[in-house]
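# need a structure here:
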Amino acid sequence: MKKIALIIALVAICAVSFTGCGEKNYADGTYTARSQEYINDEDDSTAGNGYGEVTLTIKDNTITDCTFQTFELDGTLKDEEYGKEDGEIKNKDFYNKAQKALAACDKYSEQLVSKGNISEVDAISGATVNYNEFVEAVDEALKQAETD
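Residues are numbered from 1 along each chain as shown. Here you go, the predicted structure:
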């Protein structure tokens, strides 16, 4: 029984470790990848449409830097103007939600660097589309970095 408990404990430790116990190895470098396009099909709305792009820096099998940005379908960067209509805040609630989702991009990047594993990055309420795009883009970047 103690052996089973020890094995379970070791497996759990390995599962949360970025580098240990047979996890993949990654080459040092900087890798950029993007998610697939998200298209909101509710009420013919264009709110949230777009894709995410991540840039990871890996050194000694550890993610040392990460940036994540989101873009409109036409390639326009989502920034402080995101959520405005014709350059104006016409719907304050919509603008605030859009900006909250945008702020989550930095938080997702910070979590990945501090925790070292995409499975430990927590989704932020109101920014789940960005979270899904982030996870997808990180997975793609890590595939580029994989070594044998």
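# any idea which helix or strand comes after the strand or helix carrying residue 114?
Assessed by DSSP states H and E, residue 114 sits inside helix 92-115. Downstream of helix 92-115, the first helix or strand assigned by DSSP H and E is helix 128-145.
# for that following helix, what is the distance to the chain centroid?
5 Å (C-alpha atoms, centre = their mean, to the nearest Å).
# for residue 94, which non-adjacent residue is closest in space?
Excluding the flanking residues, the one nearest residue 94 by C-beta to C-beta, 6 or more residues apart in numbering is residue 83, at 5.7 Å. Heads up, the C-betas are built off the backbone N, CA and C, glycines and all.
# where does that neighbour land on pLDDT?
Here the pLDDT value assigned to residue 83 is 92.
# quick one: the residue positioned nearest the centre of the chain and residue 106, what's the gap?
Relative to the mean C-alpha position of the chain, the nearest C-alpha, by C-alpha atoms, centre = their mean, is the one of residue 134, at 2.3 Å. Remark: distance between residue 134 and residue 106 (C-beta to C-beta, to the nearest Å) = 11 Å.
# number of residues surrounding the closest residue to the residue nearest to the centre of the chain other than its chain neighbours?
Leaving aside its chain neighbours, residue 134 sits nearest to residue 108 (4.6 Å; criterion: C-beta to C-beta, 6+ apart). Residue 108 is flanked by 25 other residues according to other C-beta atoms under 10 Å.
# and what of residue 47?
Residue 47, neighbours per other C-beta under 10 Å, totals 13.
# now residue 111
Residue 111 has 19 neighbours, counted by other C-beta under 10 Å.
# can you check residue 95 too?
18.
# wait, it sits on residue 81?
No: using C-beta atoms under 8 Å, residue 95 is not in contact with residue 81; the gap is 9.6 Å.
# pLDDT weak spots in the protein?
Applying pLDDT under 70 to the chain flags residues 1-22, 43-46.
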